[in-house]
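> Sequence and computational prediction follow.
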Amino acid sequence: MADIISKSDPSMRRLANAANDPTRSPPDPVDSEQKLRVVELLFFAYRDFTGEPDAALAGYGLGRAHHRVLHFVARHPGLRVADLLEVLKITKQSLARVLKQLVDDGWIEQRPGPNDRRERLLTLTDTGANLAKRLADLQSARIAAALAELGPDGAAAVERFLFAIITPSERASVAKMLADAAQTLADASNASHAAPTPE
């Protein structure tokens, strides 16, 4: 058999010799199992992370696709439809169906762009903002409880881990979106503090 391997394909002989080398370290099954555990835990975590919002949305005839749109429009008021398509990585047809229901039901408003009337900018109505906050509060409470179990450095470690999972070519745009959302929140907070109190 060895002669057949060496004559037909020298690379096969090298592989066979490497496999029989007693000094060669075997694959680490614990490491492989740990990775699979993380994969499985992500499935379970996502299931429970989305479970409560899913139940709340079902009462309005909405689902997870609507939730994604509500979340990003809440975090990025005036978001362009084109940018939302890029974030969600879905087809125009899929987004059109979801947006139509959200607009028709009064959760989201669309307006043309100031410089290009063909652009569509998305904002939440007051009703939509209330729903988006309710959903965010449900998920924020679960995140807060989980981070509390990790100690003071837990949040930073989790952020680094999740960021590392993102495709490298997408990380800069994601980081910018997070920074923009944080700035929008800070600006809104400053504006509310600067507003004159009613007599």
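Done, it's in. Numbering: from 1, shown residues only.

> what about the helices in the protein?
2-8, 10-19, 29-58, 64-75, 81-88, 92-104, 126-148, 154-165, 171-194 (DSSP state H).

> quick one, which of these is nearest to residue 118?
Of all the helices of the chain, the one in closest proximity to residue 118, counting by CB to CB, is helix 81-88 (9.9 Å). (C-beta placed from N, C-alpha, C; glycine too.)

> tell me which residues of that closest one are tucked away?
81, 83, 84, 87 (16 or more other CB atoms under 10 Å).

> Please report how far residue 56 lies from residue 174.
26 Å (CB to CB, to the nearest Å).

> Poorly predicted segments of this structure, please.
1-30, 192-199 (pLDDT under 70).

> Per the annotation, how does it divide into domains?
Taking automatic domain parsing as the reference, the chain has its domains at 52-149, 151-188.

> Pick the most deeply packed of those.
domain 52-149 (a mean of 15; mean count of other CB atoms under 10 Å).

> and it, how far from the chain's centre?
Put simply, domain 52-149 sits 13 Å off its chain's centre (CA atoms, centre = their mean, to the nearest Å).

> start to end distance for that domain?
20 Å (CA to CA, to the nearest Å).
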